[in-house]
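Student: Can you look at this prediction? I've put the sequence above it.
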Amino acid sequence: MKLLQFYHLQDEERKLQVGILEGESTVVALNTSGTARDVIRQSNIKSLKAVAAYRLEEVKLLSPVTDPEKIICIGLNYHDHVIESKMQVPKVPVLFPKYNNCLTGHGDEVVIPDEVSQCDYEVELAVVIGKKAKKVSKETAMDYVFGYTVLNDVSARNIQLNEPQWTRGKAIDGFAPLGPWIVTADEIENPGNLSISLKLNGETMQNSNTKELIYDIPYLVSFLSNTITLQPGDIISTGTPPGVGMGQRPQVWLKPGDVVEATVEGIGTLRNTFVASE
């Protein structure tokens, strides 16, 4: 099942609706007044009824989760990315937060603030938590996963790498495009073996597989839940493979007009255009 959030393009109020994608092009709205996070928390998707159906081109897709309690990102979690970053393999997962202000949807424009001179892209597999997880084992960790989506961990390198911590360079408004939808866990047979890639203006920049993760999903869910209670709708973004702009020779920084397409096998492609600050 592909769970999504959207509004109908003819709706002047742009009311958020929760729905599912049927086939390749039909969006079915569900009879809920809450958000996707509410649906996940209540575990009642199958009990919800269809109230309308639209063609995909008739709706504007939003971030599939707009109100998570937590967005926890993992840094330096692919071996080759550690090498291109000229850093050491971390002995424990490297963590940093993003916040709801960072979230934006498929097809949205991402504004590059004037202060950001080195704007970078990072395709990542993101995990969406399905139920409260506290001190869970690696063996049971996958029972707490609701599904998966794609996150572009947009980063301001000139801020991130010149300050003692990463948050200000990572948590900029709009710097976490997410989507286009959440694919439920039952449809992804092995999240530890998915091709993951990113194109910039049609050119492939990143191309790897989640089997190259240093810390896999069961480990991350267990590790985090030991000290941080994970809640339904929380997002864990698992890190990016090599090929980021910072690692290119010469380095490649995102500029106004650039189109980024981040793809994870079995989920889909998240597409965003970058624009200058007004």
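Tutor: Okay, I see it.

Student: Compute the number of surrounding residues for the nearest residue to Met142 once chain neighbours are set aside.
Tutor: Sequence neighbours aside, Pro218 is the residue nearest to Met142 in space, at 5.9 Å (criterion: C-beta to C-beta, 6 or more residues apart in numbering). Every C-beta, even on glycine, is put in place using the N, C-alpha and C of the backbone. Pro218 has 20 neighbours, counted by other C-beta atoms under 10 Å.

Student: And the contacts of the helix or strand where Pro218 lies?
Tutor: Secondary structure from DSSP states H and E places Pro218 in helix 217-225. Contact with helix 217-225 is made by 72, 74, 92-93, 95, 127, 129, 133-139, 141-142, 144-145, 191-192, 215, 230, 236, 238, as judged by C-beta atoms under 8 Å, 6 or more residues apart in numbering.

Student: dump the residue contacts of Arg157.
Tutor: Arg157 sits next to Gln118, Cys119, Asp120, Gly169, Gly245, Met246, Trp253 when contact means C-beta under 8 Å, 6+ apart.

Student: for the stretch 151-278 of the chain, what spans make up the helices?
Tutor: Here the stretch 151-278 of the chain has its helices, by DSSP state H, counting those that start in this stretch, at 157-160, 167-170, 217-225.

Student: for the ones you listed, which one sits closest to Pro113?
Tutor: Taking C-beta to C-beta, helix 157-160 is the member of the helices of the stretch 151-278 of the chain nearest to Pro113, at 9.5 Å.

Student: now the closest one: how far from the chain's centre is it?
Tutor: Remark: helix 157-160 is offset 20 Å from the chain centroid, using C-alpha atoms, centre = their mean, to the nearest Å.

Student: and what of stretch 29-36?
Tutor: Per C-alpha atoms, centre = their mean, the centroid offset for stretch 29-36 relative to its chain is 21 Å.

Student: can you give me the mean pLDDT across that stretch?
Tutor: Mean per-residue pLDDT for stretch 29-36: 95.

Student: Other residues contacting it?
Tutor: By C-beta under 8 Å, 6+ apart, the list of residues contacting stretch 29-36 reads 3-5, 16-20, 38-39, 42, 45, 48-54, 64-67, 182, 233.
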